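> This is a predicted model, with the sequence first.
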Amino acid sequence: MFADIILPIPFDSFTYLVPSEMEGQVMRGCRVVVPFGKKKIYTGVVLQTHNNEPMGVEMKSILELLDECPIVNEHQITFWQWIANYYICPLGDVMKAALPGAMKPKDEKALKESTRNRRGGKTTASLTETDLPNPLNNVQQIALEEVEESFQEKNVTLLHGVTSSGKTELYIHLISKALKQGKQVLYLLPEIALTTQITDRLRQFFGEKMGVYHSKFTDIQRLEVYKRQASSQPYQIILGVRSSIFLPYQNLGLIIVDEEHEQSYKQQEPAPRYHARNAAIMLANQFGAKTLLGTATPSFEVYHLAHKGIYGYVKLTQRFRNMQLPTIEVVDIKEAKRKRQMKGIFSPRLIEAMRTSLDHKEQVILFQNRRGFASFIECKTCGWVPRCPHCDVTLTLHKKTSTLTCHYCGYTTRIPDCCPACEEKKFIDVGTGTEKIEEQLHQIFPEAKALRMDLDTAKTRLQFERIINDFSTHQADILIGTQMVTKGLDFDRVSTVGILNADNMLNLPDFRSYERTFQTLSQVAGRAGRNQTPGLVILQTRSADSDIIRQITHGDYWQMFYTQMLERQMFNYPPFRRLIYVYLRHTDDHLLEHLATEMASKLRGVFGERVLGPDRPPVARIQSLYIRKIMLKIERNLPPQKVRQTLISIQQQMMALPVAKSLNIYYDVDPL
Ligand code: ADP
Ligand code: ZN
Ligand code: ZN
């Protein structure tokens, strides 16, 4: 008897001999310990057992069986296989992402220890009897009924509700109903939006029935949730981030994907590069469950399918208690610059609006999509710019720490005393990050208390939560931040939101840049005027007359969607075609160019005109590896299975080339 075992390495599976004493006990989904290569020992999961002896290979035996019953259920294995297939990556990589710390035996010892300690310490178990959901108002009630009706016919429904319309209240009602039917619910949120704000809000209604799962958990904590979900008394609700789609579920009835447009649902690195929203829809289908996608600014992919009637569509156009959506005022900074009215990056209009808010003891949020002080520094005499020695990017200036940092690999160095090219000592800084804004702010509003929220100040979950807490309890007047401040935060005293420079985002060389700018800016704007205070948004830009800025200020999603879709169709971009990026990495740039050209030509042999490139991506070297990208634009009706087979077979031909020894090839399916 033989068993195919998935190991935590980038391959699908390996076949091992099942020793006679383990026959009948080694089952699909159980963990086993196996030898690998000359010295290694791995813990893997049984994919299947069979009697087909592989030809011409020397077989090794399973050393140890760790589970009496499978710890990975049939649903999960089917799901893993779908991920591996669709996202073109080995099963081993999927397993690594799916199981907490690969569930090595030593972790379980630690888990037992930690549960024992906790049990010993805490004698009075806190019994919480929970609140009933808030009654819905008229429009919300109608929307709820529409969602339920739509679920009668369709598996997926888009809830397109303006910020603060009560989407979360609707979710709470839907969750309660699913629980009453004895079904499990998965509530997905982007990592950064999973704050104590939302956890406490849901805990109030669902108490101990709800488990929380996020990426800042330790391996032991993840294992604890995993084991509980695999047990006979699982949490009925999981509130979690993208990786919670990999937990074991038993009778899932509903998946909610909140802020479905969020980019961070896509895993970028490492493989599997899956999109949690799309994978969640697959997962729900496996269980015959329904999926609700909620957002104020739908992704094109989802809106397109809703528009075609494949997904259901429910709209909420009013804010709760009829609060007005904030007014968005555009300030032309080209004009203000010409008239020399700007104070640093602040226009007079923005300063005035901020002053009014502060005078009324209200709060202000400032948004800039760049951290650090300046984008880079430049020698004033000869124009020399410091770059990362490992990546093909300039180093970002962080003035507080007097350092230059690479935002790709983390390389950090001190600001040089003098220019290594001409030995002059004067540098100028170019571009504006959150740190520079903070500095300028102190000069304009010395009395105001400001907090900064970006990857530098909110490195850990605790720091992040502290900033949110300090701001919501009004211990600060102004919150300056990057994308982090856009994620579904609910502050009730913010009356002014300042968008310091909309152009950074609009001008990115990406076919999605308008869609993204619309989403991000509408989301930031939505932080204003959420309670009694009416909101004002000051949007600073050099392209005040452009269509996209007009669409944003009027909240005209449809117009933005319509014009952008015409372009997408013309150039065969998603959602009309499926994109696959093929990445090649190597330490030798010349050799890489040669190999990438070779691979692209093989791909053209099969896919013809659908292949573009190879190109150098915008950052063409990261951590000393050179990178090339080949783009495939595939018709949506080509079966993913076939595409995968073709790509893998071409990859194998490439890897068989003697010069391709340390070539690294990987895929990004539906890249964002
Ligand atoms: P969204 O998720 O659409 O941004 P929320 O559900 O967060 O909106 O609602 C915005 C605010 O209004 C929240 O503070 C919420 O508690 C309140 N709210 C919305 N609907 C109701 C309701 N039916 N009853 C009580 N409070 C509500
Ligand atoms: Zn110089
Ligand atoms: Zn670097």
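Here it is on my side, so go on. Residues are numbered from 1 along each chain as shown. Ligands and ions are numbered 1, 2, ... in the order given.
> quick one, domains of this structure?
2-101, 138-321, 323-371+447-566, 375-430, 578-669 (automatic domain parsing).
> now these in a markdown table, with mean neighbour count and mean pLDDT?
For every residue, glycine as well, the C-beta is placed using N, CA and C. A markdown table is the format used below for the domains of the chain (neighbours: other CB atoms under 10 Å; pLDDT from 0 to 100):
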| stretch | mean neighbour count | mean pLDDT |
| --- | --- | --- |
| domain 2-101 | 17 | 94 |
| domain 138-321 | 20 | 95 |
| domain 323-371+447-566 | 19 | 92 |
| domain 375-430 | 16 | 94 |
| domain 578-669 | 16 | 95 |
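> Same list, those domains, but as TSV with distance to ligand 1 please.
TSV is the format used below for these (distance: least, CB to the nearest ligand atom, whole Å):
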stretch	distance to ligand 1
domain 2-101	28
domain 138-321	3
domain 323-371+447-566	6
domain 375-430	30
domain 578-669	30
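> Reformat those as a markdown table; add distance to ligand 3.
A markdown table is the format used below for the domains of the chain (distance: least, CB to the ion, whole Å):
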| stretch | distance to ligand 3 |
| --- | --- |
| domain 2-101 | 24 |
| domain 138-321 | 14 |
| domain 323-371+447-566 | 15 |
| domain 375-430 | 3 |
| domain 578-669 | 7 |
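> closest to residue 439 out of those domains?
domain 375-430 (7.4 Å; CB to CB).
> Ends of the closest one, what's the gap?
Domain 375-430 has its terminal residues 6 Å apart, counting by CA to CA, to the nearest Å.
> At the geometric centre of the chain, which residue do we find?
residue 264 (1.3 Å; CA atoms, centre = their mean).
> Name the nearest residue to that one, ignoring sequence neighbours.
Closest residue in space to residue 264, ignoring its immediate chain neighbours: residue 190 at 4.6 Å, by CB to CB, 6 or more residues apart in numbering.
> Kindly report the same for residue 593.
residue 628 (7.1 Å).
> who does the one you found bridge with?
residue 584 (DSSP bridges).
> my read: it touches residue 598, true?
No - here residue 628 does not reach residue 598: they are 10.9 Å apart, not a contact under CB atoms under 8 Å.
> picking up where we left off before, which residues are in contact with the residue nearest to residue 264?
By CB atoms under 8 Å, 6 or more residues apart in numbering, the contact list for residue 190 reads 241-242, 258-259, 262, 264-265, 487-488.
> Narrow those residues to those in strands?
residue 258 (DSSP state E).
> any chance of the contacts of residue 190 in TSV, plus distance to ligand 2?
As requested, the contacts of residue 190 are exported to TSV (distance: CB to the ion, whole Å):
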residue	distance to ligand 2
241	46
242	45
258	50
259	46
262	42
264	39
265	44
487	41
488	46
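> so which pair among the contacts of residue 190 is furthest apart in space?
Longest span within the contacts of residue 190, CB to CB: 242 and 488, 15.2 Å.
> Need the contact partners of the biggest helix by length in the chain.
Using DSSP state H, we find that the single longest helix of the chain is helix 589-607. Contact with helix 589-607 is made by 582, 584-586, 611, 613-614, 621, 626-628, 630, 632, 634, 646-647, 650, 653-654, 657, 659-660, 663, 665, as judged by CB under 8 Å, 6+ apart.
> I'd say residue 238 and residue 185 touch.
Yes - Residue 238 lies in contact with residue 185 (CB under 8 Å); the separation is 7.5 Å.
> how about the strands of the stretch 251-400 of the chain, start to end?
252-258, 290-295, 312-316, 327-332, 363-367, 376-379, 396-398 (DSSP state E, counting those that start in this stretch).
> Contacts only, for the nearest residue to residue 412 once chain neighbours are set aside.
Of all residues not flanking residue 412 in the chain, residue 405 sits nearest, at 4.7 Å (CB to CB, 6+ apart). With contacts defined as CB under 8 Å, 6+ apart, the neighbours of residue 405 are 372, 395-396, 398, 411-412.
> sorry, back to before: closest one of the contacts of residue 190 to residue 95?
residue 242 (16.4 Å).
> Check the gap between residue 626 and residue 620 for me.
For residue 626, the distance to residue 620 equals 6 Å [CB to CB, to the nearest Å].
> Spit out the contact partners of residue 368.
Contacts of residue 368 (CB under 8 Å, 6+ apart): 345, 432-434, 437, 480-482, 500-501, 504.
> now swap in residue 469 and tell me
If you count contacts by CB under 8 Å, 6+ apart, residue 469 has them with residue 196.
> So it: helix, strand or coil?
Put simply, residue 469 is helix when judged by DSSP: H, G, I helix; E, B strand; the rest coil.
> where does it sit relative to residue 199, distance-wise?
Taking CB to CB, one finds residue 469 at 13 Å from residue 199.
> cool, residue 38 as well?
Taking CB to CB, one finds residue 38 at 48 Å from residue 199.
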